[in-house]
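Participant: pasting the sequence and the predicted model now:
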Amino acid sequence: MKKFGTYCGWSAALLLLAVPPSFAASITGTVKGPDGKPLMGIFVVAENSQNKMTVTVLSDARGNYHINNLPAAAYSVQISAVGYKSDPHDHMQLTSDQKLSCDFALQTVPVHWTDLTTYQITQLLPKTDKHDLSKRYEEPYFNTCMTSCHSLQHRVAPLSHDKDGWRVLIQYMSNTIMGGEGGGRMTDEKADDFAEFLAAMFGPDSKKPASPADLPEYKKLVRTFSPEAMNIAYVEYDFPPIKGQGPWSAVEDKDGMFWIPYYGRGNEVVRLNSKTAELTRFPLPFSKTAGIHSAVPAPDGTVWFTEAALGKFGHLNPATKEIVEYQNTPLPDGKPTGTHTIRVDEQGRVWTSGGPAITMFDPATKQFSHFDLGNTYANVVGHNGDEWFTSFVFPGPIGRVTKDGTLSKFYPPTKGKPQRLLVDENNIVWFSERGGNKLGRFDPKTEAFKEYDLPGPAASPYAIGMDRNKMIWYASHEQDTIGRFDPKTGDVIEYPYPHPEISMREFFMDSQGRMWYASSVNNKVGYWYIN
């Protein structure tokens with residue numbers, strides 16, 4: 001057996017798992033720190049060498065990890081942790097029912113700015129006369145670029161440009177990737193200001209230390225997790241961003257396939273076969289940035305999607321590959337309308353959030369209707385046919401359009417900038433308050449709100465979903481965690497995510513009870529389960 005500097009050996013033991021024989025293999029082992037002691041909270045990643053699908057788990061309080069339910073294949077096994085490294089175990093051939101043991105002995109390495117969470121990077125970057133990221137939602141750069149598009153870890157921190165270089169990239173992001181979405185908010189004056197700021201932070205003359213760990217405040221910003229939080233596994237698929245940006249969400253259709261909007265200038269709706277990791281692309285027939293922000297399959301097997309940069313939405317027939325586009329109509333005063341998140345109700349009507357009004361489109365009559373609530377973000381169908389929306393601004397109401405077309409607006413006690421929402425089986429509305437660091441609950445019968453504080457200095461809940469056990473999950477945009485909230489007790493378990501800049505925007509539960517997500521800046525689509 002070839003040695004890799006750390007122990008990696010075969011065991012004849014067979015796993016007695018309630019899974020098909022081809023998915024009965026596993027990889028287990030122990031992770032030890034530089035002092036030789038077991039280390040908790042280290043990500044261990046097994047990558048299928050053929051299809052690049054990965055399964056990622058965490059080492060427990062005794063340093064042990066286990067990756068179960070693996071199909072027979074060749075694997076590369078390695079660790080992923082801030083401030084540590086270890087030699088990988090490559091070319092591990094795993095047969096259908098074998099148990100492979102791979103141990104890791106870690107060495108310390110410098111912490112990089114690209115390793116940080118969004119919250120850490122906002123607190124540790126130097127302040128300038130015009131900019132202080134630690135103020136977050138009061139800071140113009142944070143609100144313009146970091147609230148929904150991306151943070152600094154992937155698109156900025158690896159680079160080093162002077163002001164002119166950053167100015168070119170800012171204009172490229174605004175004009176090409178975003179395609180003008182946002183009504184021209186990136187003025188020349190603002191672009192110059194942001195370019196000067198980025199050059200000061202990430203330019204050749206930057207005064208920040210090479211490693212943020214050299215700052216005395218760094219250790220105070222490193223969060224710890226409970227032993228229970230180690231019991232999570234992430235299954236992820238690569239989504240190559242051929243034209244920049246990446247996947248925005250993933251939702252299952254009636255045939256078990258997953259549909260993904262390729263945002264920015266990708267101009268594609270993409271279908272994932274989760275069994276083979278195969279991606280099938282359905283491109284738009286033009287190159288102008290469409291900004292495909294949301295895609296959902298309809299009961300008839302077709303797929304509806306938004307073109308946020310163009311104020312359009314599209315209808316795809318996967319069988320014929322035909323795409324029909326619809327331009328959202330302007331309001332009576334001539335103001336253009338938008339398209340952001342799309343849903344299809346039980347009557348086959350298409351609803352989109354975004355812009356100065358909610359939009360409803362009837363495919364049977366080709367007629368548009370608009371409802372007077374602007375800046376809407378989330379968009380879900382209630383179980384009684386009502387349509388629900390969040391308005392992602394301060395003070396940010398929750399909006400409802402009933403089946404008969406009546407619009408009502410409800411304002412949470414905290415003006416917390418509600419972003420995503422769900423409706424449970426009792427028609428109770430749950431929503432994430434991104435700026436308020438809370439989860440909200442609204443009872444339409446009593447019109448009563450209840451709010452729950454979330455842990456962490458910047459809980460920043462974004463995506464939200466409910467699992468089969470009626471637990472509510474949310475993604476923290478700034479802490480790179482997902483949280484499980486118990487509605488009965490209010491308790492929260494926070495779980496770490498294996499990549500910096502989590503960028504999860506929507507959760508969809510599939511027919512097997514797995515919660516699916518996309519991480520756009522990490523170019524991953526996947527799901528998690530309790531391991």
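Facilitator: Looks like it arrived, so ask away. Residues are numbered from 1 along each chain as shown.
Participant: how many neighbours does residue 198 have?
Facilitator: 25 (other CB atoms under 10 Å). For every residue, glycine as well, the C-beta is placed using N, CA and C.
Participant: doesn't it fall inside a strand?
Facilitator: No - Residue 198 is assigned helix when assessed by DSSP: H, G, I helix; E, B strand; the rest coil, not a strand.
Participant: which non-adjacent residue is nearest it?
Facilitator: Take residue 198 and drop its neighbours on the chain: the residue closest to it by CB to CB, 6 or more residues apart in numbering is residue 166, 4.3 Å away.
Participant: the one you found is in what secondary structure piece?
Facilitator: Assessed by DSSP states H and E, residue 166 sits inside helix 163-172.
Participant: got it, and residue 290?
Facilitator: Short version: residue 290 belongs to no helix or strand, going by DSSP H and E.
Participant: run a quick neighbour tally on the nearest residue to it once chain neighbours are set aside.
Facilitator: Nearest non-adjacent residue to residue 290, counting by CB to CB, 6+ apart: residue 307, 4.0 Å away. By the measure other CB under 10 Å, the count of residues near residue 307 is 26.
Participant: what's across from residue 307 in the sheet?
Facilitator: Beta-bridge partners of residue 307, counted by DSSP bridges, are residue 292, residue 312.
Participant: contacting residues around it?
Facilitator: Residue 307 makes contacts with 284, 290-293, 313-314, 325, 339, as judged by CB atoms under 8 Å, 6 or more residues apart in numbering.
Participant: could you redo the last one with a cut-off of 7 Å?
Facilitator: 290-292, 313-314, 339 (CB atoms under 7 Å, 6 or more residues apart in numbering).
Participant: on that earlier part again, residue 200 is in contact with the residue nearest to residue 198, correct?
Facilitator: No - look at residue 166 against residue 200 with CB atoms under 7 Å: they stay out of range, at 9.8 Å.
Participant: more crowded one of the two?
Facilitator: residue 166 (25 against 21).
Participant: pLDDT value on the more buried one, please?
Facilitator: Each residue has a pLDDT score; the one for residue 166 is 96.
Participant: try the one 5 residues further on
Facilitator: Turning to residue 171, the model gives it a pLDDT of 88.
Participant: not counting residues beside it along the chain, what's closest to it?
Facilitator: With CB to CB, 6+ apart, the residue lying closest to residue 171 is residue 191, at 6.2 Å.
Participant: which other helices and strands contact the helix or strand in which that neighbour is found?
Facilitator: Under the criterion of DSSP H and E, residue 191 resides in helix 188-202. Counting contacts by 3 or more CB pairs under 7 Å, 6 or more residues apart in numbering; DSSP states H and E, helix 188-202 is packed against helix 163-172.
Participant: what residues does the helix it packs on touch?
Facilitator: Residues contacting helix 163-172 (CB under 7 Å, 6+ apart): 186, 191-192, 194-196, 198-199.
Participant: out of these, who has the most neighbours?
Facilitator: Neighbour-wise, the contacts of helix 163-172 (other CB under 10 Å) top out at residue 198, 25 neighbours.
Participant: in the protein, what helix or strand scores lowest on average pLDDT?
Facilitator: strand 8-11 (a mean of 38; mean pLDDT, DSSP states H and E).
Participant: next SSE after it?
Facilitator: Downstream of strand 8-11, the next assigned helix or strand under DSSP H and E is strand 25-32.
Participant: return the list of helices and strands in contact with that following strand.
Facilitator: Packed next to strand 25-32, using 3+ CB pairs under 7 Å, 6+ apart, are strand 64-70, strand 99-102, strand 104-105.
Participant: okay if I get those strands as JSON lines plus mean pLDDT and mean neighbour count?
Facilitator: Listed next are the helices and strands packed on strand 25-32 as JSON lines, based on pLDDT from 0 to 100; neighbours: other CB atoms under 10 Å:
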{"stretch": "strand 64-70", "mean pLDDT": "95", "mean neighbour count": "20"}
{"stretch": "strand 99-102", "mean pLDDT": "93", "mean neighbour count": "20"}
{"stretch": "strand 104-105", "mean pLDDT": "98", "mean neighbour count": "23"}
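Participant: with respect to residue 525, which of those lies nearest?
Facilitator: strand 64-70 (18.5 Å; CB to CB).
Participant: and the angle for the closest one with strand 25-32?
Facilitator: 160 degrees (axes from the mean of the first three to the mean of the last three CA atoms, to 10 degrees).
Participant: using PDB, write down the CA coordinates of strand 64-70.
Facilitator: Taking Å, rounded to 0.1, in the frame of the first residue of the first chain, the C-alpha atoms of strand 64-70 are listed here in PDB:
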ATOM      1  CA  ASN A  64     -13.000  11.300  14.000                       C
ATOM      2  CA  TYR A  65     -14.900  11.600  10.800                       C
ATOM      3  CA  HIS A  66     -17.000   9.300   8.600                       C
ATOM      4  CA  ILE A  67     -18.200   9.700   5.100                       C
ATOM      5  CA  ASN A  68     -20.900   7.200   4.300                       C
ATOM      6  CA  ASN A  69     -23.100   6.200   1.400                       C
ATOM      7  CA  LEU A  70     -20.400   6.600  -1.300                       C
END
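Participant: residues near residue 32, how many?
Facilitator: 18.
Participant: mind listing the residues bridging to it?
Facilitator: Beta-bridge pairing for residue 32 (DSSP bridges): residue 38, residue 105.
Participant: for residue 233, same thing?
Facilitator: Going by DSSP bridges, residue 233 forms beta bridges with residue 529.
Participant: which residues touch it?
Facilitator: Under the criterion of CB under 7 Å, 6+ apart, the neighbours of residue 233 are 55-57, 528-529, 531.
Participant: any idea how far the residue nearest to residue 227 when sequence neighbours are not counted is from residue 156?
Facilitator: Residue nearest to residue 227 in three dimensions, not counting chain neighbours: residue 61, with 4.7 Å by CB to CB, 6+ apart. When distances are taken as CB to CB, to the nearest Å, residue 61 and residue 156 turn out to be 36 Å apart.
Participant: these two: who's more crowded?
Facilitator: Between residue 61 and residue 156, residue 156 has the larger neighbour count (other CB under 10 Å), namely 21 against 12.
Participant: ok but that one is inside a helix, no?
Facilitator: No - Residue 156: not assigned to a helix; according to three-state DSSP it is coil.
Participant: grab the nearest non-local neighbour of it.
Facilitator: Of all residues beyond its chain neighbours, the one nearest residue 156 is residue 202 (5.5 Å), with distances taken as CB to CB, 6+ apart.
Participant: pLDDT score for the one you found?
Facilitator: On pLDDT, residue 202 comes in at 97.
Participant: swap in residue 5?
Facilitator: Value listed for residue 5 in the pLDDT field: 33.
Participant: do the same with residue 183
Facilitator: For residue 183, the model assigns a pLDDT of 44.
Participant: please apply the same query to residue 21.
Facilitator: 34.
Participant: swap in the one 5 residues further on?
Facilitator: The confidence metric pLDDT takes the value 94 at residue 26.
Participant: please report how far it lies from residue 63.
Facilitator: From residue 26 to residue 63 the distance is 17 Å (CB to CB).
Participant: of these two, who's got more company?
Facilitator: Taking neighbours as other CB under 10 Å, residue 26 and residue 63 compare with residue 26 leading, 22 against 19.
Participant: quick check: that one touching residue 66?
Facilitator: Yes - with contact defined as CB under 7 Å, residue 26 counts as touching residue 66 (6.3 Å).
Participant: that older thread, nearest to residue 442, of the helices and strands packed on strand 25-32?
Facilitator: So among the helices and strands packed on strand 25-32, strand 64-70 is nearest, using CB to CB, at 38.2 Å.
Participant: packing partners for the closest one?
Facilitator: Applying 3+ CB pairs under 7 Å, 6+ apart, one finds that strand 64-70 contacts strand 25-32, strand 43-48, strand 54-58.
Participant: strand partners of the helix or strand encompassing residue 390, parallel vs antiparallel please.
Facilitator: According to DSSP H and E, residue 390 maps onto strand 387-391. Strand pairing for strand 387-391, determined by DSSP bridges: strand 376-381 (antiparallel), strand 398-401 (antiparallel).
Participant: turn those into CSV, columns for mean neighbour count.
Facilitator: CSV is the format used below for the strands paired with strand 387-391 (neighbours: other CB atoms under 10 Å):
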stretch, mean neighbour count
strand 376-381, 23
strand 398-401, 23
